[in-house]
Each structure stands twice: as structure tokens, then as C-alpha cells.
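*Asks:* What shape does this take:
(2 chains)
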Amino acid sequence: MNAQLSLRKLLTIVCEADLETLVVRDLKALGARGYTITDARGDGTHGARDAAWPASANIRIEVLCTEQTANDIVEHLKNRYYANYGMVTFLLDVQVLRPDKF
Amino acid sequence: MPFEPVILFFILGLFAGVVRSDLKIPGVLYESLSIFLLLAIGLKGGVELARYALADLVGPALIVVLVATLIPLVAFPILHRLGGFARADAASIAAHYGSVSVVTFAVAASFLARIGEPAEGYMVVFLVLLEFPALLIGVILARRTVGKTKWGPLLHEVFSGKSIVLLIGGLLIGWVTGAEGIKPLDQLFFALFKGMLAFFLLEMGLVAASRMADLRRAGPFLLGFATLMPLSAGLLGILTANLLDLSVGGAVLLATLYASASYIAAPAAMRIAVPEANPALSIGAALGITFPFNLLIGIPAYHWLAIRLKGVI
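*Replies:* As a prediction, the model looks like this:
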């Protein structure tokens, strides 16, 4: 591994666009230092989400963070949103420059 | 009766959706058009409002809002007890029907303009006032099983939502500038209005077609509700208008407001405040059935009724 690179987690959340404000607030409260949001559409167990209008739009939120923070976030999302909302979360190992940022 | 041209655009959208055309209006255009329509309706209302003394409107506005609270309060037990819907679903659907559809209102206004039926200009104020009380009632109705409701995010969602901000913003700008002051903008906001509405209805036709599939799973009760509820609420609107001595045009607009179901403000607010409610039911009914019903049958029917019931009460 390049000496400058450090291991972090890439947490990706795909969820209903209506949840953006709530989820972002949770991320910050749980220690995420930053995030990136992109508009998304797709299909899954909640049916087609074609983003033709706001109620059928999805977003993809990506967070680079430590393993501990990622676990905290995943646990919270599972308890708070999984029962009633369309949401998929997954974690990847990634290598980042400037690890102190994440 | 010749169809209002904007309605034909809606039917075109429905058709494209039903035959699974690859026609797709980008989400950003939906957003842009809805911003335009909300602002334009607000501005037009504001300009009209400048002709009236505000103090004279307080009493009628109170009556209009009070009577409107009956809609979710009656819809909820019908759905929950008769229809067998879960409390959260019944409350969310009731909130959608208690709130109003801005675009249905715009289509009713253009219907009246086409047949030369004048209406009170201040109806837009009622449109603004009727947006949110039903959403709060819906949350209270759902609450018994929902546990502690977080009112902060809900109130923020409702009052900072784009429909309220743009309608009230437009209303204030129109009211402050008046008919003369708004002239530099009237080509954009008033002359182009119908074209923009046509575009928006084309998109709504597509979205409505995709919602109808949800409803097939919901069963006949909701289908009946989504057509009988607007008719009854429309009748309530006409009687309320008569009580307030509004013109036939005013009665049609109030009937349309009572009869319409929200699909801009309500879905987002209910999604946050009543998470257990299945949005496919409320949006499917409001957008898949009630919206087309009001456009194609409801508005002309309210006009027919308003003429015949003029002077009753």
C-alpha cells in the first residue's frame, strides 16, 4: 500500500429523497465529517423509483469515515429507518489520502 | 363540450404512460415548472388581493378553513372503520384529501376563464390557508399508534415547504406591487402561464399513469373513496360558498379546493411525520384517481352544481 494512503470505510446509503434532511442531520450527529449526495433512481423491493417527481426520487449518500463511525451510522439507520422507508446501506474498504479529514 | 386544451395534454401524458412510451419529462423540469406555477398563481392572487380590504376577508377565511377541517375528520373514520385501513394509512390519506392541489385549482381557474365565468380574485388566499391544517390533523389522527411525534421537523417541512414559501411569497410580491407594478413581469408569469400548465399536466399525466398500477393492489374501496370523496367535498364547497355569498365562479373554485387532494405538500410531509403509512395508497388515490377525476369530471360537475344550487343556504 502506498505509504500516504490509509484505510477508511466508504459508507453508501441509497434512500428516498424525502429523507435527505433527516439522514444528513443523523450523519453529523453520529460523527461523520462530511458527505456527498447525488440524485439517483432505480428499482428494488419498493418498486421502480424513476425520479419523475419528488415522491419517486432517490438519493445516494456517500460518507468516508472510520470503521467505528460507519458502524454507529449503520446501526442507527437500521433502527430508525429500515422498518418504514426504502433504504439500502453498504460498506466498502477504501484507501484515502489525508485520513485526518475523515 | 369542447375540452379545455390543457386537459388534452394531461390525457396525452396518461396515454404515453399507459402505452409505456419512452417519453420522460426530466425531474428538474417538473421542479422548474412547479416553481413557476406556484409563483405565478401566488402573484396573480396577490395582484387581485390588492383590490380588496384585507379585514373583510378574515371572517370568510375563518369559515372556509373551519369547514375544510371536516374533510379529513370525516375521511378518516370512513377509511379506518368502513374501509379497514390501518390507522396510519387512513390518517395519511385523510390528510392528502384535506389539503389542496394547486394545479387542480389552476385548471379550474382556466376553465372559468374560458367560459367567461368571473370569480373572486382572493380565492388564492384560501388556497394558501387550506394547504396545511389538514396535514396537522392527519398527524394527530395517526398519532395514537405512532407514539411521540416530532413536531419540529413536521412543522418545518410544512411551513418551509416550497409550495407555502412560493405561494405566500408570490402573493406578497403581487400584493405589494399591484397590477401596475407587476406589468414588466406579466408576459412571463401570466401570458406564458397556460403553456407552462400544459407542460406540467403532460408530466402529471405520465406520473398519474404510473400511480394507477399501485391502486389496482389497493382494491375497490379506495377507488370508490377517491371519486365519491371529491364529489361530497365539492358539494360542501359549493354550500360554503353560498353561505359566504360568493359568485358561481367563486363557488366552483372553493368546491375544487375542497375536492382536490394534495400531491406536492402532503406526500413529503406525511412521509416524514407518519412513516408507517404506505405512500402508494395515498399518492395512488390522490394522483392516480382524484386528480384526473377532478380535471375531467369534477370541475365541470362543480360548475353545473354551483349554478343549480346558487342561492341555496
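*Asks:* all contacts plus neighbour counts: C-alpha atoms, from now on.
*Replies:* Noted.
*Asks:* What is the burial count for B:Y263?
*Replies:* 23 (other Cα atoms under 10 Å in any protein chain shown).
*Asks:* How about the secondary structure of it?
*Replies:* Following DSSP: H, G, I helix; E, B strand; the rest coil, B:Y263 is assigned to coil.
*Asks:* In this structure it contacts B:V103, no?
*Replies:* No: here B:Y263 lies out of contact with B:V103, judged by Cα atoms under 8 Å, at a distance of 9.6 Å.
*Asks:* before we move on, which element is residue 59 in?
*Replies:* Went with chain A since none was named. Per DSSP states H and E, A:I59 falls inside strand A:58-65.
*Asks:* Let me rephrase: I mean chain B.
*Replies:* Counting by DSSP H and E, B:G59 is part of helix B:54-68.
*Asks:* helices or strands up against that helix?
*Replies:* Taking 3 or more Cα pairs under 8 Å, 6 or more residues apart in numbering or on different chains; DSSP states H and E as contact, the helices and strands that helix B:54-68 lies on are helix B:123-131.
*Asks:* Could you give the separation of the helix it packs on from the chain centroid?
*Replies:* Taking Cα atoms, centre = their mean, to the nearest Å, the mean C-alpha location of helix B:123-131 is offset from the chain mean by 10 Å.
*Asks:* Now do the next helix or strand after it: distance to the chain's middle.
*Replies:* As assigned by DSSP H and E, the chain's next helix or strand after helix B:123-131 is helix B:133-146. On the basis of Cα atoms, centre = their mean, helix B:133-146 sits 19 Å off its chain's mean C-alpha point.
*Asks:* name the helices or strands packed onto the helix or strand that helix B:133-146 is followed by?
*Replies:* Sequence order places helix B:151-159 as the next helix or strand after helix B:133-146, per DSSP H and E. Applying 3+ Cα pairs under 8 Å, 6+ apart, one finds that helix B:151-159 contacts helix B:265-273.
*Asks:* So what's the residue count around the closest residue to chain A within chain B?
*Replies:* Of chain B, the residue with the smallest distance to chain A, taken as Cα to the nearest Cα, is B:G27 at 4.9 Å. Residues lying near B:G27 (other Cα under 10 Å) number 17.
*Asks:* So the closest residue to B:K310 other than its chain neighbours versus B:L305, what's the distance?
*Replies:* Spatial nearest neighbour of B:K310, excluding adjacent residues (Cα to Cα, 6 or more residues apart in numbering or on different chains): B:N242 at 6.6 Å. Separation of B:N242 from B:L305 (Cα to Cα, to the nearest Å) stands at 12 Å.
*Asks:* Show me the contact partners of stretch B:49-67.
*Replies:* With contacts defined as Cα atoms under 8 Å, 6 or more residues apart in numbering or on different chains, stretch B:49-67 is touched by B:121-122, B:126, B:129-130, B:133, B:174-176, B:178, B:240, B:244.
*Asks:* Who wins on neighbours among the residues you listed?
*Replies:* Result: B:G174 is most packed of the contacts of stretch B:49-67 (other Cα under 10 Å), 26 neighbours.
*Asks:* Is the helix or strand harbouring it positioned near chain A?
*Replies:* Take DSSP H and E as the rule and B:G174 turns out to sit in helix B:162-181. No: counting by Cα under 8 Å from any Cα of the partner chain, no contacts exist between helix B:162-181 and chain A, the nearest distance being 12.0 Å.
*Asks:* How about chain A: which residue is closest to chain B?
*Replies:* A:A52 (4.9 Å).
*Asks:* Contact residues of chain A facing chain B?
*Replies:* So far as Cα under 8 Å from any Cα goes, chain A lies against chain B at A:18-19, A:51-55, A:84-85.
*Asks:* Would you mind listing what in chain B touches chain A?
*Replies:* Within reach of chain A by Cα under 8 Å from any Cα, chain B has these residues: B:24-27, B:30-31, B:207, B:267-268, B:271-272, B:275-276.
*Asks:* Going by length in residues, pull out the top helix of chain A.
*Replies:* Across chain A, the longest stretch assigned as helix under DSSP state H is helix A:67-81.
*Asks:* which element follows that helix toward the C-terminus?
*Replies:* Following helix A:67-81 toward the C-terminus (DSSP H and E): strand A:87-96.
*Asks:* tell me the angle of that following strand relative to helix A:67-81?
*Replies:* 170 degrees (axes from the mean of the first three to the mean of the last three Cα atoms, to 10 degrees).
*Asks:* Keeping just the C-alphas, turn the helix or strand B:L222 falls within into CSV.
*Replies:* Using DSSP H and E, B:L222 falls within helix B:220-243. The C-alpha trace of helix B:220-243 is given here as CSV (Å, rounded to 0.1, in the frame of the first residue of the first chain):
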residue,chain,number,x,y,z
PRO,B,220,-62.2,-1.1,-5.0
PHE,B,221,-62.9,0.6,-1.7
LEU,B,222,-60.1,3.2,-2.2
LEU,B,223,-61.2,3.6,-5.8
GLY,B,224,-64.7,4.5,-4.7
PHE,B,225,-63.4,6.8,-2.0
ALA,B,226,-61.2,8.6,-4.4
THR,B,227,-64.2,9.6,-6.6
LEU,B,228,-67.0,10.0,-4.0
MET,B,229,-64.9,12.0,-1.5
PRO,B,230,-64.1,14.8,-4.0
LEU,B,231,-67.8,14.9,-5.1
SER,B,232,-69.0,15.2,-1.5
ALA,B,233,-66.3,17.7,-0.6
GLY,B,234,-67.1,19.7,-3.7
LEU,B,235,-70.7,19.9,-2.7
LEU,B,236,-69.6,21.1,0.7
GLY,B,237,-67.5,23.7,-1.0
ILE,B,238,-70.5,25.0,-3.0
LEU,B,239,-72.7,25.2,0.0
THR,B,240,-70.0,27.0,2.0
ALA,B,241,-69.5,29.4,-1.0
ASN,B,242,-73.3,30.1,-0.9
LEU,B,243,-73.1,30.8,2.8
